[in-house]
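Asks: What would the 3D arrangement of this be:
(one chain, ligands or ions: 3)
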Amino acid sequence: MSSRVLITGGAGFIGSHLSERLLAEGNEVICVDNFFTGSRRNVEHLFDNPRFELLRHDVTFPLYVEVDQIYNLACPASPVHYQHDPVQTTKTSVMGAINMLGLAKRLRVPILQASTSEVYGDPAVHPQTEDYWGNVNPIGTRSCYDEGKRAAETLFFDYRRQHDLSIKVIRIFNTYGPRMHPNDGRVVSNFIVQALRGEPITIYGDGSQTRSFCFVDDLVDGMVRLMDTGHDVTGPINVGNPGEFTMLELANAVLEITGSSSTIEHRPLPQDDPKQRQPNIDLARRELGWEPTVALQPGLERTIAYFRSVLTD
Ligand code: NAD
Ligand code: UDP
Ligand code: UDP
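Replies: Numbers count the residues shown, from 1 in each chain. Ligands and ions are numbered 1, 2, ... in the order given. As a prediction, the model looks like this:
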């Protein structure tokens, strides 16, 4: 059955793909965004669809709309962006969660929170399972994002306990794909842009730190599957690709696919940079019947093709 779906942060990287997917399934989509990191351009190909609506709005302020489902994605995701105005980052996570939970409570509709593997901080447990409480610095430069997202999870579970809301908390691990912001400082976009421009590839630290990269289509599929579960399934649930790579391996993969002759340059490691990250996805397999289908190589090829087209525009 088709629904009217609200996506906050819908004009961002992940939100634009989620909008596409939900429209393709026949739903109506109301996309709400303040365009801090997202843009009209990310969703302009959807403007002709009469079931799509784009609203400029900041989720730290109340929002009154009538919908059947809420996906709460509003929040800058890359360190460069979320550290630009850290107070606004915490406000967006905390006040945005309160407002969207208030909306879900009034309408009695399910609400999904885009949480993050960052709630595990620099993890002492590897791979990360959902019952691990994390190792997060509360006062560092990443804290506005990590602690904001942790507080949002708290709010989701308290609204569940106090008001019996249908909540769905997904912990997203590093995700990449077309429509990533070329200047957002994240490793996949940085390496690809640098390789395509023939500039040095910047590896922070010695490049031995690891991340696990999930292609955006796989992530979106996990989000939709989680939203479609019954009232009893709340998460938190990890969604990510367990393939784990060092940043040096990632740089070499990008160099190989692009055929670039860029050199590799080492830069200082940022504060509180997690040394390793890999999701344990047993719960997603069990409760959602989900697992990733796009490996790093083909996912990078599709992402590189996208960046080639936007960089030559
Ligand atoms: P993004 O920056 O492309 O998208 C975030 C969107 O939220 C942008 O369109 C931005 O303009 C909007 N936004 C920010 N503050 C807002 C506010 N106050 N009111 C309304 N809109 C606001 O990032 P993304 O990668 O698409 O991330 C989407 C969500 O997924 C975020 O909540 C992020 O924390 C989460 N997430 C992403 C990743 C990843 O690897 N991309 C990993 C873990 C979690
Ligand atoms: N809220 C909103 N849209 C709604 C309903 C509520 O933005 O349709 C906001 C409302 O402004 C409030 C927040 O959500 O600040 C939390 O709502 P809740 O009902 O939980 O709390 P209360 O209104 O009792 O403070
Ligand atoms: N990184 C890097 N070079 C870059 C950008 C990032 O080596 O140009 C490293 C960064 O230090 C981190 C990893 O790549 O260890 C992933 O960084 P990103 O900002 O993409 O994601 P997050 O740290 O939030 O997982």
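Asks: quick one: low-confidence parts of the stretch 101-250 of the chain?
Replies: Filtered on pLDDT under 70, the stretch 101-250 of the chain yields no residues whatsoever.
Asks: how about the residues of it near ligand 2?
Replies: 102-103, 105-106 (Cβ under 6 Å from any ligand atom). The C-beta positions use only the backbone N, C-alpha and C, and glycine is treated the same way.
Asks: Most neighbours out of these, which is it?
Replies: Counting neighbours by other Cβ atoms under 10 Å, the top entry in those is residue 103, with 22 neighbours.
Asks: need the strands for the stretch 1-150 of the chain, in chain order.
Replies: Ranges of strands in the stretch 1-150 of the chain, per DSSP state E, counting those that start in this stretch, are 4-8, 28-33, 52-56, 69-72, 111-116.
Asks: how about the last one, does it get close to ligand 3?
Replies: This means strand 111-116. No: under the criterion of Cβ under 6 Å from any ligand atom, ligand 3 is not reached by strand 111-116; the shortest gap measures 8.3 Å.
Asks: Against which helices or strands is that strand packed?
Replies: On a contact count with 3 or more Cβ pairs under 8 Å, 6 or more residues apart in numbering; DSSP states H and E, strand 111-116 meets strand 69-72, helix 86-107, helix 143-163, strand 167-172, helix 216-227.
Asks: mind listing what the one residue in the chain that gets nearest to ligand 2 touches?
Replies: Taking Cβ to the nearest ligand atom, ligand 2 has its nearest neighbour within the chain at residue 102, 1.9 Å off. Neighbouring residues of residue 102 by Cβ atoms under 8 Å, 6 or more residues apart in numbering: residue 62.
Asks: what's the spacing between it and residue 163?
Replies: 10 Å (Cβ to Cβ, to the nearest Å).
Asks: Overlap in contacts, those two.
Replies: By Cβ under 8 Å, 6+ apart, no residue touches both residue 102 and residue 163.
Asks: what does the stretch 101-250 of the chain put close to ligand 3?
Replies: Residues of the stretch 101-250 of the chain found near ligand 3 (Cβ under 6 Å from any ligand atom) are 174, 186-187, 190, 202-204, 209, 211, 247.
Asks: And the buried ones among those, selectable in ChimeraX?
Replies: Per 16 or more other Cβ atoms under 10 Å, the buried members of these correspond to this ChimeraX selection:
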select :174,186,187,190,202,203,209,211,247
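Asks: among the residues of the stretch 101-250 of the chain next to ligand 3, which two are most distant?
Replies: Spanning the widest gap among those are 174 and 202, at 17.0 Å by Cβ to Cβ.
Asks: Let me know the pLDDT of residue 272.
Replies: For residue 272, the model assigns a pLDDT of 84.
Asks: who touches it in this structure?
Replies: Taking Cβ under 8 Å, 6+ apart, we find residue 272 in contact with 121-122, 137, 140-142.
Asks: Once you drop chain neighbours, what's closest to residue 244?
Replies: Nearest non-adjacent residue to residue 244, counting by Cβ to Cβ, 6 or more residues apart in numbering: residue 278, 4.4 Å away.
Asks: quick one: that neighbour and ligand 1, what's the gap?
Replies: Note on residue 278: its distance to ligand 1, by Cβ to the nearest ligand atom, to the nearest Å, is 14 Å.
Asks: And for residue 204?
Replies: From residue 204 to ligand 1 the distance is 17 Å (Cβ to the nearest ligand atom).
Asks: How about residue 24?
Replies: 18 Å.
Asks: count of residues packed around that residue?
Replies: 9.
Asks: same deal with residue 268?
Replies: By the measure other Cβ under 10 Å, the count of residues near residue 268 is 8.
Asks: Tell me who's in contact with the residue nearest to it when sequence neighbours are not counted.
Replies: Among residues not flanking residue 268 along the chain, residue 204 sits closest, at 6.8 Å (Cβ to Cβ, 6+ apart). By Cβ under 8 Å, 6+ apart, the residues touching residue 204 are 247, 266-270, 273.
Asks: CSV for these, including secondary structure?
Replies: Shown next, in CSV, are the contacts of residue 204 (DSSP: H, G, I helix; E, B strand; the rest coil):
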residue, secondary structure
247, helix
266, strand
267, strand
268, coil
269, coil
270, coil
273, coil
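Asks: Which residue of the chain lies farthest from its centroid?
Replies: Of all residues in the chain, residue 261 has its C-alpha farthest from the mean position, at 30.7 Å, by Cα atoms, centre = their mean.
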